[in-house]
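Trainee: Below are the sequence and a predicted model; questions follow.
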Amino acid sequence: MKTFKELKVAAPILGALENLGYEYPTPIQEQAIPEVLNGRDLLGCAQTGTGKTAAFAIPILQLLDQYKPQGHKKGTIRALILTPTRELAIQISESFQDYGANLKLRHTVIFGGVNQFSQVNELRQGVDILVATPGRLLDLMNQRILSVSQIEIFVLDEADRMLDMGFIHDVKRVLKVIPERRQTLFFSATMPKAIQALADSMLSRPVKVEVTPESTTAETIQQTLYYIEKANKNKALLHLLKNDLDDNVLVFTRTKHGADRLVKFLHKNEISAAAIHGNKSQNARQGALENFKNKKIKVLVATDIAARGIDIDLLKYVVNYEIPNIPEAYVHRIGRSGRAGAQGFAISLCDVEEIPYIRDIQFTIGLELPVKEMEELSMSPQFLAQSSSAAPQGKNAKKASKAQPAGAKPDYRHRKKKKPAHSGGNNPRW
């Protein structure tokens, strides 16, 4: 395993990394940093929790510090990082602050949902690196408060989440106004056809970095499945919180209203909890996240929109109170735990209607989820046997029909083999 010094990371950044306790790069950092430093376009397919932010932030800081184009005007935005959620934007900005602590580069973050006044003041003081969500970026561009005409490096982060959230058209609008001559770094946890097509249109002979196969879960996460009737899920979660889960717990629901209802239930049962989702104000979301990180509350209830925007060191427990109907969302959810090699635990509470979703998940991740029983709250074996034969509904029907019944070992003989990672040609820095 190489060190950051062997990756030719500059001394000021090395000092910042040492202060943070970073000794060795993660696999994606080891592969991506040298390629980005060499000016290559990069296509990164990486699971959450792999150290992806440092994989692009470290070389961007080094390149901007070492190379200044002729005629460069102080305060011009040189690097743009576009990301789908406010939480993720803030975390990326914090990473630039940490890694660039010994450099004289300025950065800031802009996002919607808050008054633009302080963000505009930051921009007017001049910044080298801008982290932004699509809506606020386009809004300030339309107001002629900022310009991206001098961008040297463009990062599109969480591209598949951009697609899920309906931001792809905004991304294409940004692409029309940034320089064609640029270095582009493209990251996505999954690569559906629409995302691959977008990557092909943006990148010039990129090197591909694929650390973990698509839609797989980290080996450090111990996964458990309970079959619980819908009416008993509240009691089941309460039982887990009071008897089995000895640390902070991140709980996922499918809807905002479901998250709020669950928080009210937990409060009534003297469990400290808060919800984080799209209907909450930015201050409320950040306050809930900080209280969770500082362990002032035990439970944070989140929707999938927040699944990739929550970065908590050494988070031990994730609970799927409701099973996601998209298998990749399951991977993203449980990827909040078991980060940086730490042990994590993912617990799923599945009712009758969600059994097809569990089939989809097992088929997608290539694993059978171990089933446990919970005293009198679990479904009876007879009831479960009858329910597991229920036909899946909607868009999951075709995929689920190929999967095995719940509790059976999945059959993967028909799955296509993945293409090996490849490298493109050189895209030398100008």
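Mentor: Looks like it came in fine. Computed from a predicted structure; not experimentally measured.
Trainee: M162 and C350: what is the separation?
Mentor: 29 Å (Cβ to Cβ, to the nearest Å). The way it works is simple: take the backbone N, C-alpha and C, and place the C-beta from them, glycine included.
Trainee: buried set for the strand or helix carrying K176?
Mentor: Element membership for K176, per DSSP states H and E: helix 168-177. Residues of helix 168-177 classed as buried by neighbour count (16 or more other Cβ atoms under 10 Å): I168, D170, V171, V174, L175.
Trainee: Could you list the residues in contact with that helix?
Mentor: With Cβ atoms under 8 Å, 6 or more residues apart in numbering as the test, helix 168-177 has contacts from 80, 82, 134-135, 137-138, 141, 148-149, 156, 159, 162, 194, 198, 202.
Trainee: Most widely separated two among the residues you listed?
Mentor: Using Cβ to Cβ, the two most remote members of these are S149 and A194, lying 27.8 Å apart.
Trainee: Show me the strands in this structure, by range?
Mentor: 42-45, 79-82, 107-110, 129-132, 153-156, 183-188, 207-210, 221-227, 249-252, 273-276, 299-302, 317-320, 344-350, 371-372 (DSSP state E).
Trainee: Could you save these as a markdown table and add columns showing mean neighbour count?
Mentor: Conversion of the strands of the chain to a markdown table gives the following (neighbours: other Cβ atoms under 10 Å):
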| stretch | mean neighbour count |
| --- | --- |
| strand 42-45 | 25 |
| strand 79-82 | 25 |
| strand 107-110 | 24 |
| strand 129-132 | 26 |
| strand 153-156 | 22 |
| strand 183-188 | 24 |
| strand 207-210 | 22 |
| strand 221-227 | 21 |
| strand 249-252 | 26 |
| strand 273-276 | 24 |
| strand 299-302 | 26 |
| strand 317-320 | 25 |
| strand 344-350 | 24 |
| strand 371-372 | 14 |
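Trainee: among the ones you listed, which is nearest Q286?
Mentor: strand 273-276 (9.0 Å).
Trainee: For that closest one, name the packing helices and strands.
Mentor: When contacts are defined as 3 or more Cβ pairs under 8 Å, 6 or more residues apart in numbering; DSSP states H and E, strand 273-276 sits against helix 256-268, helix 282-293, strand 299-302.
Trainee: so which of those gets nearest L7?
Mentor: helix 282-293 (29.5 Å).
Trainee: how about low-confidence regions in the stretch 1-150 of the chain?
Mentor: 47-49, 71-72 (pLDDT under 70).
Trainee: Most neighbours of all the contacts of helix 168-177, which one?
Mentor: Neighbour counts for the contacts of helix 168-177, by other Cβ atoms under 10 Å, peak at A159, which reaches 30 neighbours.
Trainee: Confirm for me that that residue is in contact with A197.
Mentor: No. Counting by Cβ atoms under 8 Å, A159 sits too far from A197 to count as a contact (10.9 Å).
Trainee: which residues are in contact with both of these two?
Mentor: By Cβ under 8 Å, 6+ apart, no residue touches both A159 and A197.
Trainee: that older thread, may I see the strands of the chain arranged in a markdown table, with distance to F292 as well?
Mentor: As requested, the strands of the chain are exported to a markdown table (distance: least, Cβ to Cβ, whole Å):
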| stretch | distance to F292 |
| --- | --- |
| strand 42-45 | 28 |
| strand 79-82 | 25 |
| strand 107-110 | 20 |
| strand 129-132 | 22 |
| strand 153-156 | 27 |
| strand 183-188 | 25 |
| strand 207-210 | 31 |
| strand 221-227 | 19 |
| strand 249-252 | 8 |
| strand 273-276 | 7 |
| strand 299-302 | 4 |
| strand 317-320 | 12 |
| strand 344-350 | 16 |
| strand 371-372 | 26 |
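Trainee: wait, which of the ones you listed is closest to I92?
Mentor: strand 129-132 (4.9 Å).
Trainee: which helices and strands sit right next to the closest one?
Mentor: By 3+ Cβ pairs under 8 Å, 6+ apart, strand 129-132 packs against helix 52-66, strand 79-82, helix 86-99, strand 107-110.
Trainee: Packing partners of the last one?
Mentor: Looking back up the chat, that one is strand 107-110. Secondary elements touching strand 107-110 (3+ Cβ pairs under 8 Å, 6+ apart): helix 86-99, helix 117-124, strand 129-132, helix 134-142.
Trainee: highest average neighbour count across those?
Mentor: When the helices and strands packed on strand 107-110 are scored by mean count of other Cβ atoms under 10 Å, the highest mean neighbour count falls to strand 129-132 (a mean of 26).
Trainee: So what are the sheet partners of that one and their directions?
Mentor: Strand partners for strand 129-132, identified by DSSP bridges, are recorded as strand 79-82 (parallel), strand 107-110 (parallel).
Trainee: what does that strand contact?
Mentor: 60-61, 64, 77-83, 89, 92-93, 96, 105-111, 123, 137, 146, 148.
Trainee: hmm, try it at 6 Å
Mentor: Strand 129-132 has contacts (Cβ atoms under 6 Å, 6 or more residues apart in numbering) with I77, A79, L80, I81, L82, A89, I92, S93, F96, H107, V109, I110.
Trainee: cool, stretch 5-15 as well?
Mentor: Contacts of stretch 5-15 (Cβ under 6 Å, 6+ apart): F4, I33, P34, I58, Q62, Y99, N102, L103.
Trainee: and these, which are buried?
Mentor: Here the buried ones among the contacts of stretch 5-15, as counted with 16+ other Cβ under 10 Å, turn out to be F4, I33, P34, I58, Q62, Y99, L103.
Trainee: Widest-spaced pair of those?
Mentor: P34 and L103 (19.5 Å).
Trainee: Pull the contacting residues for the closest residue to Q97 other than its chain neighbours.
Mentor: Among residues not flanking Q97 along the chain, H107 sits closest, at 7.0 Å (Cβ to Cβ, 6 or more residues apart in numbering). For H107, the contact set (Cβ under 6 Å, 6+ apart) comprises F96, V127, I129.
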